[in-house]
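S.K.: Okay, sequence plus prediction incoming.
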Amino acid sequence: MTLSETSTQQRLAKFVAHAAGGHDAVIVALERMSGGAVQENWALDVKLDGEHRRWVLRTDAKATVRESLTRAQEFAVLKIAHAAKVLAPEPLFLCDDLAVTGRLFFIMERLPGVAAGHKVTRDSKLVPDGGRLARELAANLARLHQITPAHAGLEFLPTMLARDCIAHYRSYLDTLSHPYPALEWGLRWCEINAPQHEDTTFIHRDYRTGNYLVHDGRLAGVLDWEFPAFGNPLEDIGWLCARCWRFARPDLAAGGIAGVEDFIAEYERVSGRRVAPGDLKYWQVMAHLRWAIIALQQLERHLSGTERSLELALTGHIVGQIELEILNLTGAP
Amino acid sequence: MNDRPDARDLLEIARHTFTAEVLPAVPQALRYTALMIANAIAIAQREIAAGDAPLRGEYRRLAGLLSGNVAAPDGDALREAVEDYNRRLANEIRAGRFDGEERAEMLEHLRCTTEEKLAVSNPKALVDPVAKQQDARAEKRS
């Protein structure tokens, strides 16, 4: 049972018609979109009662990664984010009946725009005003961070404050046969400098250039809602401003599109939360630690034979760059 | 003794041929994969060229930091000895043994080791990209 089979598409059309409360749905196009090793995205064009709809069908790929949400949880997260006026694709229909496509999936609105990090950071026609885009990202993130742990329907999310992150990354390093002293140093530095007090809000945990759509120079919506948690809102800021997500413009700290001042000032204005320079650095270090752990997890999939792949193998060779950035940030000579 | 050319020469000519003759003809959809292949060969070339000098240097520094035996073993035993020392270093950093005045020497060691790794993995990363970009902009202006 695959999505390219006619019989699957007929069942899918029937599901869509029913879920949308329409009479008649015809699938006009269904094509696999690029990206997404963990989840598959399919561009789905449907004529629903004669009206052309452009959607995305999102479903599990075979390779599942630890820590990622189920499709049903991701659907719930998107619903809540959307209701909080966060720019994101509107989630439309969730299907938990395996008889339709053989896998759990949901359908969401297909937003226009470009996400690719190297284009967003390089093409001034695409982003004529990087400062404005950074401010839109900041205001959007501030709205996202207004969702609190008290919010109903998000009970499945883990809580990951600074010390939880440190413990979590250490426990992963402990499963590896190879030691990483530079990462251990970064973790120790984060432990020594851990914040006394932390706010706890909903956090996206992959809010960065490459994961949002830019259309007509403006923020169209944020993608990739697979890894959210409750945690320190500053973590999302450190992640967006980490050097590893600046693509063609390492000199522009806010995601390779603007200086960090543009972003922080707007975030502080909308959220009412202060971001001290020390906080930013702390969460940039944490961002690189997390990225190193993810890179090592990907490398391990190759080394263990679970998924032999040149791309995963080469991921092992970016760890040194991440370590160098951690050393630079934590004051190595 | 194996027939010539050796691994170093074979990788060199294989990569040259691939980038000069195959890469330009590769369709767009496979271009990223082709570049990854060229990159993987280049890393292997640099690893062979570097030999075990970086590993010996790393051993020496680790032995100094951890008050171990400074006489480095050879071959596989060297690799294992460095791995053992690194495991100890990792544990001691976590336990806070390098929080105090030994921190500077430990950090100098980590920077040196990281830079030697990058000389193999990605030498471009050793040039500070922000400084490089600012230089390029300054050049454009002048």
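M.R.: That came in fine, so what should we check first?

S.K.: Centre-most residue in chain A?
M.R.: Closest residue to the average C-alpha location of chain A: residue A:206 at 3.1 Å, with Cα atoms, centre = their mean.

S.K.: backbone phi and psi for that residue, please?
M.R.: Dihedral angles of residue A:206 (phi, psi; degrees, to the nearest 10) stand at phi -150, psi 40.

S.K.: how about it, what does it touch?
M.R.: Shown here is residue A:206, whose contacts under the criterion Cβ atoms under 8 Å, 6 or more residues apart in numbering or on different chains are A:224, A:226-227, A:239. From N, CA and C alone the C-beta is placed, and that goes for glycine too.

S.K.: out of those, which are inside strands?
M.R.: In strands, judged by DSSP state E, none of these are found.

S.K.: near chain B, which residues of the stretch 201-333 of chain A show up?
M.R.: Those residues of the stretch 201-333 of chain A that sit near chain B, judged by Cβ under 8 Å from any Cβ of the partner chain, are A:249-251, A:310-311, A:313-314, A:317-318, A:320-321, A:323-324, A:327, A:330-333.

S.K.: mind running it again at 7 Å?
M.R.: A:250-251, A:310-311, A:314, A:317, A:320-321, A:323-324, A:327, A:332-333 (Cβ under 7 Å from any Cβ of the partner chain).

S.K.: are any of those residues buried, and which?
M.R.: Buried by 16 or more other Cβ atoms under 10 Å in any protein chain shown: A:250-251, A:314, A:317, A:320-321, A:323-324, A:327, A:332, out of those.

S.K.: By pLDDT, rank those residues and give me the bottom one.
M.R.: Among these, residue A:332 has the lowest pLDDT, at 68.

S.K.: quick one on the thing from earlier: mind putting the residues of the stretch 201-333 of chain A next to chain B into TSV with distance to residue A:44?
M.R.: Listed next are these as TSV, based on distance: Cβ to Cβ, whole Å:
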residue	distance to residue A:44
A:250	37
A:251	40
A:310	31
A:311	27
A:314	33
A:317	37
A:320	41
A:321	38
A:323	42
A:324	43
A:327	46
A:332	50
A:333	55
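
S.K.: Most widely separated two among these?
M.R.: Based on Cβ to Cβ, the longest span within those runs between A:310 and A:333 and measures 35.5 Å.

S.K.: rewinding a little: tell me which of the buried ones among the residues of the stretch 201-333 of chain A next to chain B fall in helices.
M.R.: Secondary structure assignment by DSSP state H places A:314, A:320-321, A:323-324, A:327 of those in helices.

S.K.: Tell me the one among the residues you listed nearest to residue A:60.
M.R.: Set against residue A:60, the nearest of those by Cβ to Cβ is residue A:314 (25.1 Å).

S.K.: which residues of chain A fall in helices?
M.R.: Secondary structure of chain A (DSSP H): helices at A:6-19, A:71-83, A:98-101, A:117-120, A:130-144, A:162-173, A:181-192, A:233-240, A:260-271, A:277-303, A:310-315, A:319-329.

S.K.: Lovely, talk soon.
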